[in-house]
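# The following block contains a protein sequence and its predicted model.
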Amino acid sequence: MLKLRRVEACYGSSQALFGVDLELADGSVTTLLGRNGMGKTTVVRSIMGMLPLRAGVIRLEGREIQRLPSYAIARLGIGLVPEGRRIFPNLTLRENLLVAAANYAGASEPYTMEHVLSIFPKLSDRLNHFGNQLSGGEQQMLAVARALMINPRVLILDEATEGLAPLIRAEIWRGLTILKEKGQTILVIDKNIDALLRIADHHHIMENGRVVWSGSSSQLAADKTRQSRYLGV
C-alpha cells in the first residue's frame, strides 16, 4: 500500500533521515517506534509532502508521491492525525467533520459522520460545541474522526494518545481496533508499547534517523533487551 525506499531528508544543512525503508501492507497496522528526536515525525512529514526529500522514493499503491504537494497527497488517500491534534477551535465539532468530508479514494462504503460517531460515540453529544470547548481527549478523538472523513487508504497517527488520561487512551485504542477489523491500513507512532503489541502487525524502530530494527509483535514482545535499548526511558 505505502512504501518508502532509501528516504533521506534534511532540515537545512542538518540531515535528519538516512536511507529509511518502510512498508505498509494493505489492511495492516504498522508502528514507527523510538525515543523522542529519532526521526519518526520527520518520516511522517516526508510522507505528507511537508518536507522535501534529499533522496529516495515514496510510493502509494505503486505511484510515486514524493514530489506532490501535501493537499494532493491527502487527496490520493493519506489521512493524517498530527501531533498536537490541530483541530479548528472556532468551528463546532460537526463543522470540523464536515469540512473534511470527501471520498477522494472512491471507497465503495465510505465513512460518513454517522460511521465515525459510531466509532467514537462520546463525540455524539458534543456536535454543537466549538473545538476550543472540547477536552483534550475529545479533541484527539475528533482529530481521528476528521482524518477518517476523507476516507483514507492510509491513516497515519502521530502520538495519538500522548498526554491523555487512561480512559481516553482506551477509547482511542478501541477505535483503532475497530478500524483494523474494517481493514483500514494504519501507521501509528506512539509510546504505549503494550497497546501497540496487541493491535499492530509489524513494527519498525528508529534511532538517529535510521530504521534499526523491524519485526512482528511476537518478535518485539519476546525481545526485552531490544525494547530496553531503543524504547526505554
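On my side now, so go ahead.

# where exactly do the helices run in this structure?
Under the criterion DSSP state H, the chain contains helices at 40-47, 70-76, 93-98, 113-119, 136-148, 166-181, 193-199, 217-222, 224-231.

# Report the distance from the fourth one to the chain centre.
Its chain's C-alpha centre and that of helix 113-119 lie 19 Å apart, by CA atoms, centre = their mean, to the nearest Å.

# if I pick Ser217, what's in contact with it?
For Ser217, the residues meeting the contact criterion (CB atoms under 8 Å, 6 or more residues apart in numbering) are 196-198, 200-203. From N, CA and C alone the C-beta is placed, and that goes for glycine too.

# Narrow those to those that are buried.
Buried members of the contacts of Ser217, counted by 16 or more other CB atoms under 10 Å: 196-197, 200, 202-203.

# Pull the most distant pair out of these.
Distance extremes for the buried ones among the contacts of Ser217: the farthest pair is Leu197 and His202 at 11.4 Å, using CB to CB.

# Quick check: Gln227 vs Arg54, distance?
With the distance defined as CB to CB, to the nearest Å, Gln227 ends up 31 Å from Arg54.

# With adjacent residues omitted, what lies nearest to Glu61?
Distance criterion CB to CB, 6 or more residues apart in numbering; nearest residue to Glu61, sequence neighbours excluded, is Met1 at 6.3 Å.

# wait, I meant Asn208
Across the structure, with CB to CB, 6+ apart as the measure, the residue nearest Asn208 apart from its sequence neighbours is Met38 (6.4 Å).

# Val212 against Ile205, yeah?
Yes - under the criterion of CB atoms under 8 Å, Val212 makes contact with Ile205 at 5.6 Å.

# so who does the closest residue to Arg54 other than its chain neighbours touch?
Counting by CB to CB, 6+ apart, Glu8 is the residue found nearest to Arg54 once chain neighbours are left out, at 4.2 Å. By CB under 8 Å, 6+ apart, the residues touching Glu8 are 15, 17-20, 53-56.

# Recalculate using a threshold of 6 Å.
Listed by CB atoms under 6 Å, 6 or more residues apart in numbering, the contact set of Glu8 reads 17, 54-56.
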